[in-house]
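[1] Sequence first, predicted coordinates after that:
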Amino acid sequence: MIVASGLTKRYGDRVAVDDVSFTVRPGRVTGFLGPNGAGKSTTMRMVIGLDRPTAGTVTVDGARYADSPAPLRAVGALLEARALHPGRTARAHLRWLAASNGIPAARVEEVLGLVGLEAVAGQRVGRFSLGMGQRLGIAAALLGDPPVVVLDEPVNGLDPEGIRWVRSLARDLAAEGRTVLVSSHLMAEMALTADHLVVVGRGRVLADCATADFIAEHAASFVRVRAPRPGALADLLRRSGADVTRDGDELRVQGADTVAVGELAAGAGLVLHELGLVRSSLEDAFMTLTAGSVEYAARPAEVTR
Amino acid sequence: MTAVTPTAPRGTGLGRAVHAEWLKLWSVRSTGWSVAAMVALGAGLTTLVCALVAPDLAAGQTGEPVGAFITWGLLFAQVTAVVLGALTVTAEYGTGMIRATLAATPRRGTVLAAKALVLSGTLFVAGVVTAVLGWLGGNAFLSAEGIGLSLGDDGVLRALLGSGLYMAGLGLLAMAAGLLLRSTAAAVSVVLALVFLVGNLVMLLPGALGEWLTKLMPGNAGSRIAVPESFNPLLLEPWTGFAVFAAEVAVLLGLAAVAFARRDA
């Protein structure tokens, strides 16, 4: 279990992480979701003691990471794909990591097999593709067979097969009762992987809920109706218990499907010009939620003639 | 997934960290090349210079002490020690690997101690081997002229072991600079400039100021231990000089340790 409370990190005037509190529980995959620059990586670095919090604390299974006698056996972390010396072989990289935490060298061969890098274990990692580097990083995270696994953007640079592999790995680790925290800036990826979501933007927690609840709440669909007498139609729909918002001659209806809206209008003899179901995607929900918290937003290019 | 047998981690924190640093040091090619270059260059140049000056020395034409030549090649071996020392930390900052290191061993004092032990141990052995090979090679030519130096001669054994000590100290100095500057180019340039340039430039300052600065500069104070006799009569006595040098290295390492402990990785 990872518990962050009041976690804050300032770099000079810039607040990267602002009073963040959350709990990552064992037995499920928790998605750490937010746009780039939202403070996800900084938070994860504070979890494993690389960055010192300006304020607040974060503990792993009740203890500070740095106090563990063999931290790789307590928490496995994939932080940056390229936390590697390019001149060292994959096996040598895992060997020194194992030695640093008193992990038997035999375990190195096990994790190499687990991530599918046995064939290239003797190659220098400078020649690895981004995806191979990512697999090696995951091998390093699993080296100490830790009860807590933290993966920062693990699918970056992976091909579709690799992405599916990481997804099922995360789910398997959680199914074994481990605590799994996976960060991503891709809502769709998290919807497929995570059971629970902690959504951050500009260093603050925007949502902390089950993925299913997040989808239900934020990715709701609505019925769009255009009618020549929108006021009368809106009153009728509201009386039937639906939520209605009006924008000119267009109504947005929630709480009634297209069939119900059509039947009601027909019963009252009201004319409809348009009737349709609009689904907003998860990605839209995420964008709406984090709007205003995006650090580097692109503005639409001006059209010049 | 298969599980690691739930045994307590073997060894102490420092012991495990030293083991890890040792594996790290020797699993990149540059270490082997650097140490080989140090030994070849150092011993080779000592042999060469002894071969060249032996006749003149024997004829008493140079006015230079024979002992000043017997570890002469170490002058060049110093460069390798500085590069290797800086790389011990700057290669990790350059590649981002420092984060893997600190995730594996969060106690920064332990990481620093492990790196210092492995680096200084390696450079001590390499320095002694370089000096001994240079002495064997150079002495062949000196002995042919009847002016050879034996291990029993004044300061010879001390200089051979002192070569290792000086190399280890230089490596630690460069490592401290690397921790403070976090850049290979910057750390190597600063230390080499301090040892080779500044150390010689202060000799040009007039009076007691120049004399004392010359005595106290790290390269001047520390290197005296590595030669049986010096070209420069101004320098401090071998062990006094080395004590000054060791104190300077310790101060810089202390500053580096504070910075290392405080900064984010």
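    Cool, the structure landed.
[2] which helices and strands does the lengthiest helix in chain B pack with?
    The longest helix of chain B (DSSP state H) is helix B:108-144. Under the contact definition 3 or more C-beta pairs under 8 Å, 6 or more residues apart in numbering or on different chains; DSSP states H and E, helix B:108-144 sits against helix B:13-26, helix B:29-58, helix B:74-95, helix B:97-104, helix B:156-181, helix B:238-262. In short, each C-beta sits where N, CA and C put it, glycine included.
[3] Near the closest residue to chain A within the stretch 51-200 of chain B, how many other residues are there?
    Nearest residue of the stretch 51-200 of chain B to chain A (C-beta to the nearest C-beta) works out as B:P106 at 3.7 Å. Other residues near B:P106 come to 20 when the count uses other C-beta atoms under 10 Å in any protein chain shown.
[4] Over to B:A116?
    There are 23 residues near B:A116, going by other C-beta under 10 Å.
[5] Identify the residues contacting the closest residue to A:P228 other than its chain neighbours.
    Nearest in space to A:P228, with sequence neighbours left out and distances taken as C-beta to C-beta, 6 or more residues apart in numbering or on different chains, is A:V271 at 5.7 Å. Applying C-beta atoms under 8 Å, 6 or more residues apart in numbering or on different chains, we find A:V271 in contact with A:227-229, A:265.
[6] roughly how far out does the host helix or strand of A:S5 sit from the chain middle?
    Secondary structure from DSSP states H and E places A:S5 in strand A:2-11. Distance of strand A:2-11 from the chain centroid (C-alpha atoms, centre = their mean, to the nearest Å) equals 18 Å.
[7] List the buried residues of that strand.
    For strand A:2-11, the neighbour count (16 or more other C-beta atoms under 10 Å in any protein chain shown) marks A:2-4, A:7-9 as buried.
[8] and those as a markdown table, adding pLDDT?
    Output for the buried residues of strand A:2-11, formatted as a markdown table (pLDDT from 0 to 100):
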| residue | pLDDT |
| --- | --- |
| A:I2 | 97 |
| A:V3 | 97 |
| A:A4 | 97 |
| A:L7 | 96 |
| A:T8 | 96 |
| A:K9 | 96 |
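[9] Looking at these, which is nearest chain B?
    The closest of those, once distances to chain B are taken by C-beta to the nearest C-beta, is A:K9, at 8.8 Å.
[10] got the buried residues for the longest helix of chain B?
    Within helix B:108-144, the residues scored as buried using 16+ other C-beta under 10 Å are B:108, B:110-116, B:118-124, B:126-135, B:137-139, B:141-142.
[11] what pLDDT, on average, does that helix get?
    On average, the pLDDT along helix B:108-144 is 96.
[12] Next: stretch A:244-254.
    pLDDT averaged over stretch A:244-254 gives 88.
[13] next one: stretch A:15-35
    95.
[14] what about it, start to end distance?
    Distance across stretch A:15-35, first residue to last, is 15 Å (C-alpha to C-alpha, to the nearest Å).
[15] Give the partner strands of the strand holding A:S5 in its sheet and their orientations.
    Using DSSP bridges, the strands paired with strand A:2-11 in its sheet are strand A:14-24 (antiparallel), strand A:55-60 (antiparallel).
[16] Quick one: residues in contact with the one helix or strand A:R45 maps to.
    Per DSSP H and E, A:R45 falls inside helix A:40-47. Residues from elsewhere that reach helix A:40-47 (C-beta under 8 Å, 6+ apart): A:2, A:4, A:7, A:9, A:16-17, A:20, A:32-34, A:51-53, A:58, A:60, A:65, A:75, A:77, A:79, A:150, A:152-153, A:181, A:183, A:185, A:200, A:203, B:99, B:264-265.
[17] what is the orientation angle of it with strand A:55-60?
    If you take axes from the mean of the first three to the mean of the last three C-alpha atoms, to 10 degrees, helix A:40-47 sits at 70 degrees to strand A:55-60.
[18] For A:H85, give me phi and psi.
    Here is the backbone geometry of A:H85 (degrees, to the nearest 10): phi -90, psi 120.
[19] And it, what's its pLDDT?
    pLDDT at A:H85 comes out at 90.
[20] again, but for the one 3 residues further on
    Reported pLDDT at A:R88 in the predicted model: 95.
[21] Surely it touches B:S30?
    No - between A:R88 and B:S30 there is no contact under C-beta atoms under 8 Å: 10.5 Å.
[22] more crowded one of those two?
    More crowded of A:R88 and B:S30, by other C-beta under 10 Å: A:R88, with 22 against 15.
[23] Grab the nearest non-local neighbour of the more buried one.
    B:S27 (5.0 Å).
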